[in-house]
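*Asks:* Sharing a model prediction with you, sequence too.
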Amino acid sequence: MPLILYPAITIAIAYWLIHNGYTLGKKSVVSLLHGGKMKSIIFTANVIGLTMMGALSASYVTISTPLKFGFSSGTQIVVQDILNTVAPGLLPLAAVFIIYFYLRKKGPYYNRILLTVVAVSVITSLLGIL
């Protein structure tokens, strides 16, 4: 039954959409542009895009610090544990915002950003900070 029903429904919907698209044609595009619907579509696409960028940056940017402070009493304070209790993912969020504000202020100099991120990563790794 699914092998018969699915293609039949798909063909019927495709026929209806093609027929309506052909008959409405230019009128539908003009009504979309003049009716203000296009602004809401663009706004919705922007919100979805920003949500996706936030999700990607949260899942792909990983930064942690191995810094520990030891005291004479023998106790150690691990900086990453403190940052995780305040807000998990605070360092990646800070890195994303720093790059975002740089882009807003200076413009899209992607090569400069990439080289700066690589240089900061190498320097902080060698110093044992990040």
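*Replies:* Received the coordinates, thanks.
*Asks:* Now do the same for the most centrally placed residue in the chain: helix, strand or coil?
*Replies:* With distances taken as Cα atoms, centre = their mean, the residue of the chain nearest its centroid is residue 53 (0.8 Å). Of the three states, residue 53 takes helix under DSSP: H, G, I helix; E, B strand; the rest coil.
*Asks:* could you measure it against residue 97, distance?
*Replies:* Distance, residue 53 to residue 97, by Cβ to Cβ, to the nearest Å: 12 Å. All C-beta atoms are positioned from the backbone trio N, CA, C, and that covers glycine.
*Asks:* what residues are shared contacts of these two?
*Replies:* Overlap of the contact sets of residue 53 and residue 97 (by Cβ atoms under 8 Å, 6 or more residues apart in numbering) is empty.
*Asks:* Tell me which other helices or strands the helix or strand encompassing residue 111 touches.
*Replies:* The secondary structure element spanning residue 111 is helix 110-127 (assigned by DSSP states H and E). Contacts defined by 3 or more Cβ pairs under 8 Å, 6 or more residues apart in numbering; DSSP states H and E place helix 110-127 against helix 90-106.
*Asks:* In the helix it packs on, which residues are buried?
*Replies:* Of all the residues in helix 90-106, those buried under the rule 16 or more other Cβ atoms under 10 Å are 91-93, 95-96.
*Asks:* Could you do stretch 58-70 as well?
*Replies:* By 16+ other Cβ under 10 Å, the buried positions in stretch 58-70 come out as residue 63.
*Asks:* Would you mind writing the CA trace of that stretch as CSV?
*Replies:* C-alpha atoms of stretch 58-70 as CSV (Å, rounded to 0.1, in the frame of the first residue of the first chain):
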residue,chain,number,x,y,z
ALA,A,58,28.7,26.1,21.0
SER,A,59,29.4,22.6,19.7
TYR,A,60,32.6,23.2,17.7
VAL,A,61,34.5,25.8,19.7
THR,A,62,36.3,24.2,22.7
ILE,A,63,38.6,26.1,24.9
SER,A,64,39.7,25.0,28.4
THR,A,65,42.5,26.2,30.7
PRO,A,66,44.8,24.0,32.7
LEU,A,67,45.6,26.8,35.2
LYS,A,68,45.8,25.7,38.8
PHE,A,69,46.7,27.8,41.8
GLY,A,70,48.3,26.0,44.7
